[in-house]
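Q: Generate a structure from the sequence data that follows.
(2 chains)
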Amino acid sequence: MNSLIAIGAGIAALGCIGGGLGTGNAAAKAVEAIGRQPEASGKITSAMILGLALSEATAIYAFLIGLLLVFKVTG
Amino acid sequence: MEESRILFEIPLFGYNIGISESIVIQWVIILFLALLAWYFTRNLRKEPDKKQTVIEMFVKAINGVVRENMGEKYLGFVPYIGALVLFLLCMNLTGLFGFEPPTKEYSITLGMALITFVIIQAYAIKKLGILHYFIGYSKPSPILLPINIMERIMLPVSLSFRLFGNILAGAVIIEMVYKAMGHFALALPIPLHAYFDLFDGSIQMVIFVMLSMVNIKSIAEH
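A: Sure thing, here's the model as predicted:
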């Protein structure tokens, strides 16, 4: 049973794929926008950090589920 | 979330309250910041000398950030935002001094997120009045009521888990490297400390502060 729970925790980590894709996409677009309009870089950066944080939230929920499962095994 | 070491216990109302290492580190940080504040604000003058220029630059920077992200009306939040910046930065950077960052414990990040949560709700109630505050839950349409309630409750959860997860991951990786290298840990941990403590610690601080500011503004104005 414990090994199955551990495998489940590993599968939950797959949720990080979405966070990675979203973060990469946001950063790429921000770089593009700064390349097009270098004088607006301050505003673009703060908007990008917000977007990164929000897209990271999905990966954090995956992390939370993985953590809960791991503590079921160890604790 | 392994149990942190309990250094000593304080008996209070029949319970023994365990004081862990991270709480003592927080006390030291609070003391350090208080001393710093006392030192920098002694005999302020019209014509700033060296140390007053430094502190004025910091206050001006925080003022600029708040003005840019929240607007002129929200300058009253500058003390809270500035305190959050300094306190979170100090907590995330304790890894450089050989301690583990206190923010790798969930109770502490949850505490920080709950403070922001209470401030968001209290400011919205103060600004809109209690009736309009509750009407705000059913905007833009009453069908979205459960989603709005979920959104408000999930905000401190995601805010605290973001900080906790990032700092914990960095602390675990650095600890693994130190354990693997034993007494030969000479140069390899330096880039790790630079990335996980300096870079990730400050980025997470920026994200926490940014999200706090944006949410205070957007919920008070929905």
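
Q: And the helices in the chain, which stretches?
A: Picked chain A for this. Shown for chain A, the helices assigned by DSSP state H span residues A:2-12, A:16-36, A:41-74.

Q: Wait, chain B was what I had in mind.
A: Listed from the start of the chain, chain B has helices (DSSP H) covering B:21-40, B:50-69, B:78-93, B:106-128, B:130-135, B:145-181, B:189-193, B:200-221.

Q: Need the helices of chain A in CSV (columns: distance to chain B).
A: The C-beta positions use only the backbone N, C-alpha and C, and glycine is treated the same way. Converted to CSV, the helices of chain A look like this (distance: least, C-beta to the nearest C-beta, whole Å):
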stretch, distance to chain B
helix A:2-12, 13
helix A:16-36, 11
helix A:41-74, 4
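
Q: one step back: looking at the helices of chain B, which is closest to B:Glu100?
A: Set against B:Glu100 and scored by C-beta to C-beta, the helices of chain B come closest in helix B:145-181, at 5.5 Å.

Q: Quick one: list the elements packing against that closest one.
A: Here helix B:145-181 touches helix A:41-74, helix B:106-128, helix B:189-193, helix B:200-221, going by 3 or more C-beta pairs under 8 Å, 6 or more residues apart in numbering or on different chains; DSSP states H and E.

Q: for that helix, the distance to its chain's centre please.
A: The gap between where helix B:145-181 is centred and where its chain is centred comes out at 12 Å by C-alpha atoms, centre = their mean, to the nearest Å.

Q: what's the offset of the lowest-mean-pLDDT helix or strand in chain A from the middle of its chain?
A: Comparing every helix and strand of chain A by mean pLDDT, DSSP states H and E singles out helix A:41-74 as the least confident one, with a mean of 84. Computed by C-alpha atoms, centre = their mean, the chain-centroid distance of helix A:41-74 equals 4 Å.

Q: other SSEs contacting that helix?
A: With contacts defined as 3+ C-beta pairs under 8 Å, 6+ apart, the secondary structure elements packing on helix A:41-74 are helix A:2-12, helix A:16-36, helix B:50-69, helix B:145-181, helix B:200-221.

Q: Deepest in the core, which of the helices and strands packed on helix B:145-181 is it.
A: Compared across the helices and strands packed on helix B:145-181, helix B:200-221 shows the largest average neighbour count, a mean of 20 (mean count of other C-beta atoms under 10 Å in any protein chain shown).

Q: closest one to B:Leu12 among the helices of chain B?
A: For the helices of chain B, proximity to B:Leu12 was assessed by C-beta to C-beta; helix B:21-40 is nearest, at 13.8 Å.

Q: Could you tell me which residues within the closest one count as buried?
A: Of all the residues in helix B:21-40, those buried under the rule 16 or more other C-beta atoms under 10 Å in any protein chain shown are B:Ser22, B:Ile23, B:Ile25, B:Gln26, B:Ile29.

Q: That helix relative to helix B:50-69, how many degrees between them?
A: 110 degrees (axes from the mean of the first three to the mean of the last three C-alpha atoms, to 10 degrees).

Q: quick one: average pLDDT of helix B:21-40?
A: Across helix B:21-40, the average pLDDT comes to 91.

Q: now the helices of chain A in CSV, with distance to B:Asn215?
A: Supplementary listing: the helices of chain A in CSV, determined by distance: least, C-beta to C-beta, whole Å:
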stretch, distance to B:Asn215
helix A:2-12, 27
helix A:16-36, 19
helix A:41-74, 10
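
Q: residue contacts, B:Leu93?
A: Contacts for B:Leu93 (C-beta atoms under 8 Å, 6 or more residues apart in numbering or on different chains) come out as B:Pro101, B:Asp197, B:Leu198, B:Gly201.

Q: Okay, B:Asn92 and chain A: tell me how far apart.
A: Using C-beta to the nearest C-beta, to the nearest Å, one obtains 15 Å as the distance from B:Asn92 to chain A.
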